[in-house]
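[1] heads up, no residue letters with this:
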C-alpha cells in the first residue's frame, strides 16, 4: 500500500515544481585576480607599462620620430580637462608618464602643435553600493588540509617551518576589498584611427578615492534673513511721547478757603 502512495506524492510534487516558472540560475565568473593600487609607486608602475606600450605602438606604426604630447581628458578624447577639472591622479600620472616616455627616448613636447601625436588618458572611479563576497582560491583549503594531515606525525621543527611558510604566503597574498575601483583608459589617435588604446581596472582604497575625483568648486552661500521674509522699506522713527501740559491753578480765596 505504501509504494502507490509514495508514487502519487512524487508525481504530484513533480507537477507542482514543473508548473512554476524558471529563471536562469546566477553563476559567478571564474576565479581571477585584480590588482589594487595603494601608493604613488603603483601609479609609476602603470605609467612605466603604458610608456613602454606607447613606444612599441609608435615604432610598429612607423612614427618613431613623431613627437607626442600627454594630456588628461574629461569625457571623450576631444574634451581635454581644464586646470580646474584635473584630479590628484591626473596631475601625478601626467608627470610620471612624461618621465617614462623621456626615459625611453620618445620625443615628448611640453606644448601641443600640429605635428604632435596626443596621448589621452582618463581615470573613472567606480563605487559599488552592494556588498561583494570574497572567495578563496579554489583548492587552497584542500591543500592546507592535506598539509596538516601529512605533517601530523612530522618533527616539530619541520611543522613549524611549514606553518611559517603558510603564514607568509597568506600575508603576501591578502589585501582588503573596498567598495571603489578605478578604470584608467589611455589612447593615442592618428588621423582618426586609434594607434594605441589600453583600459585597465584596479581596486583602490575607499579612503583614497578622492585622489581620482575633481576638486569640487567652492559652494556659494546666499545670505537671507533669518525669518525668511522679504526685506521691507525702512520705517520712520516713532514720535517721542507727548509731554503733559502744565495745569494752571487758581489761587485759593483767603476768606472762604475755596
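    On my side now, so go ahead. Remember, it's a predicted structure, so these values are computed and weren't measured experimentally. Numbers count the residues shown, from 1 in each chain.
[2] okay, CA-based contacts and neighbour counts for the rest of this
    Will do.
[3] now the helix or strand where residue 41 lies, how far from the centre of its chain.
    According to DSSP states H and E, residue 41 maps onto helix 40-60. Taking Cα atoms, centre = their mean, to the nearest Å, one finds helix 40-60 lying 22 Å from the centre of the chain it belongs to.
[4] packing partners for that helix?
    Packing contacts for helix 40-60, counted by 3 or more Cα pairs under 8 Å, 6 or more residues apart in numbering; DSSP states H and E, involve helix 88-103, strand 193-204.
[5] can you rerun that using 6 Å?
    helix 88-103 (3 or more Cα pairs under 6 Å, 6 or more residues apart in numbering; DSSP states H and E).
[6] Residues in contact with the helix it packs on: which ones?
    By Cα atoms under 6 Å, 6 or more residues apart in numbering, the surrounding residues in contact with helix 88-103 are 47-48, 51, 211-212.
[7] Could you pull out the strands in the stretch 151-258 of the chain for me?
    Taking DSSP state E, counting those that start in this stretch, the strands of the stretch 151-258 of the chain run over residues 180-190, 193-204.
[8] would a markdown table of these with mean neighbour count, mean pLDDT and distance to residue 76 be doable?
    Output for the strands of the stretch 151-258 of the chain, formatted as a markdown table (neighbours: other Cα atoms under 10 Å; pLDDT from 0 to 100; distance: least, Cα to Cα, whole Å):
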| stretch | mean neighbour count | mean pLDDT | distance to residue 76 |
| --- | --- | --- | --- |
| strand 180-190 | 17 | 95 | 11 |
| strand 193-204 | 16 | 96 | 13 |
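[9] want to throw those into CSV with distance to residue 93?
    Formatted as CSV, the entries for the strands of the stretch 151-258 of the chain read as follows, by distance: least, Cα to Cα, whole Å:
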stretch, distance to residue 93
strand 180-190, 11
strand 193-204, 14
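[10] Ok, which of those strands comes nearest residue 34?
    When the strands of the stretch 151-258 of the chain are compared by Cα to Cα, strand 193-204 sits nearest residue 34, at 6.3 Å.
[11] Run the chain-centre distance for the closest one.
    16 Å.
[12] could you say what helices and strands that strand packs with?
    Helices and strands in packing contact with strand 193-204 are listed as strand 36-37, strand 180-190; criterion 3+ Cα pairs under 6 Å, 6+ apart.
[13] want to throw the ones you listed into JSON lines with distance to residue 165?
    Compiled in JSON lines, those are given as follows (distance: least, Cα to Cα, whole Å):
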{"stretch": "strand 36-37", "distance to residue 165": "24"}
{"stretch": "strand 180-190", "distance to residue 165": "31"}
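[14] And these: which comes nearest residue 21?
    Of all the helices and strands packed on strand 193-204, the one in closest proximity to residue 21, counting by Cα to Cα, is strand 180-190 (36.4 Å).
[15] Give the buried residues for the helix holding residue 41.
    Buried residues in helix 40-60, defined by neighbour count with 16 or more other Cα atoms under 10 Å: 43-44, 46-48, 50-52, 54-55, 57-58.
[16] just those residues now: which is nearest residue 27?
    Taking Cα to Cα as the measure, residue 46 is the one of these closest to residue 27, at 31.8 Å.
[17] show me where the stretch 101-250 of the chain has helices.
    With DSSP state H, counting those that start in this stretch, the ranges of helices along the stretch 101-250 of the chain come out as 140-150, 156-173.
[18] Residue 25 in helix, strand or coil?
    coil (DSSP: H, G, I helix; E, B strand; the rest coil).
[19] number of nearby residues for residue 64?
    Around residue 64 sit 15 other residues, with neighbours defined as other Cα atoms under 10 Å.
[20] what about it, which SS state?
    The local conformation at residue 64, judged by three-state DSSP, is coil.
[21] Residue nearest the middle of the chain, spatially speaking?
    The chain has residue 125 as the residue nearest its centroid, 3.2 Å off, counting by Cα atoms, centre = their mean.
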